[in-house]
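Q: Fold the following for me, if possible:
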Amino acid sequence: MFSLNVPIAPAVDRLAADLQSKLSGFERVRDRHTLVCKRFGVADVPDRVASDHRDGSGGTGPDASPGSPAAGPSPPKPDALDALRQDLHPLLAGTDPFPVAVTGIDVFDAPASGSGPVLYLAVESDPLIRVHRRLCAAYGAVEGIEGDDYTPHVTMARGGNPEPGVVAGLVDAEFEPIRWRVHALDLYDPEFREVAATIEL
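A: Residues are numbered from 1 along each chain as shown. I've put the predicted structure just below:
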């Protein structure tokens, strides 16, 4: 699965580093921090690309629209990644740079997937939510974490058995909001833990 991520401001990484010593009791503490806009599976490639792979034409069909899901077997991962990269450009065309802000710390006590609790930096950005909904309309939403369930956030730690006082103290912590402007979105490949493409806004 790929993800379309918002590049993190350096101040967010510094805040996470400052808080790391207070994350005792969690099973996993993130050393890399991401703000996910949308997730994509290999099967989410546009129909025209999947058809090209199946018939070996290598061309671009004229009738498919950006975001059309594939029908039948999915193409190999490199082809899927290239398809998503091409498909996202028209979907994001006209999206202006937009503001986001980390405004506090919160927790998912019972996350939709994976171990809990999940401690995260809370993110506020109406434009980010609008971009997310546009992409969900094109590709569909991952149940439980996208669409109406989407909560923009930066995960800090999850799982384990942290003391209630530790979690409450972190959630109650106050700091100046960290604000920055997003000028691009990164298509991220978690297998290699690297940015596979950058889409400028």
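
Q: hey, which helix is longest across this structure?
A: The helix spanning the most residues in the chain, taking DSSP state H as the definition, is helix 77-92.

Q: Would you mark the buried spots in that helix?
A: Buried positions in helix 77-92, judged by neighbour count with 16 or more other C-beta atoms under 10 Å: 79-84, 86-88, 91-92. In short, each C-beta sits where N, CA and C put it, glycine included.

Q: again, but for stretch 14-30
A: 15-16, 19, 23, 26, 29-30.

Q: Quick check: the two most widely separated of these?
A: L15 and F26 (16.6 Å; C-beta to C-beta).

Q: For E191, see how far away C136 is.
A: From C136 over to E191 the distance is 23 Å, taken as C-beta to C-beta, to the nearest Å.

Q: of these two, who's got more company?
A: Taking other C-beta atoms under 10 Å, C136 and E191 do not tie; C136 has more neighbours (17 against 9).

Q: wait, is the more buried one part of a strand?
A: No: per DSSP: H, G, I helix; E, B strand; the rest coil, C136 lies outside any strand segment and is helix.

Q: okay, which residue is most central for this structure?
A: Computing the C-alpha centroid of the chain and ranking residues by C-alpha atoms, centre = their mean puts V36 first, at 1.7 Å.

Q: Three-state assignment for it, please.
A: For V36, the secondary-structure state derived from three-state DSSP is strand.

Q: Kindly report the same for I105.
A: Reducing the assignment to helix, strand or coil with three-state DSSP, the entry for I105 is strand.

Q: ok, it - contacts?
A: The contact partners of I105, by C-beta atoms under 8 Å, 6 or more residues apart in numbering, come to 19, 119-122, 156, 170-171, 173.

Q: tell me the secondary structure for Y120?
A: Reduced to three states by three-state DSSP, Y120 is strand.

Q: I'd say F40 and A83 touch.
A: No: in this structure F40 lies outside contact range of A83 using C-beta atoms under 8 Å: 9.9 Å.

Q: measure stretch 15-26 end to end?
A: Distance between the two ends of stretch 15-26: 18 Å, counting by C-alpha to C-alpha, to the nearest Å.

Q: neighbouring contacts of it?
A: Here stretch 15-26 makes contact (C-beta under 8 Å, 6+ apart) with 29-30, 33, 102, 105, 119, 121, 154, 156-163, 166, 169-170, 173, 175, 178.

Q: Let's see that with 10 Å instead.
A: Counting contacts by C-beta atoms under 10 Å, 6 or more residues apart in numbering, the residues outside stretch 15-26 that touch it are 8-9, 29-33, 102, 105, 115, 117-119, 121, 154-164, 166-167, 169-170, 173, 175-176, 178.
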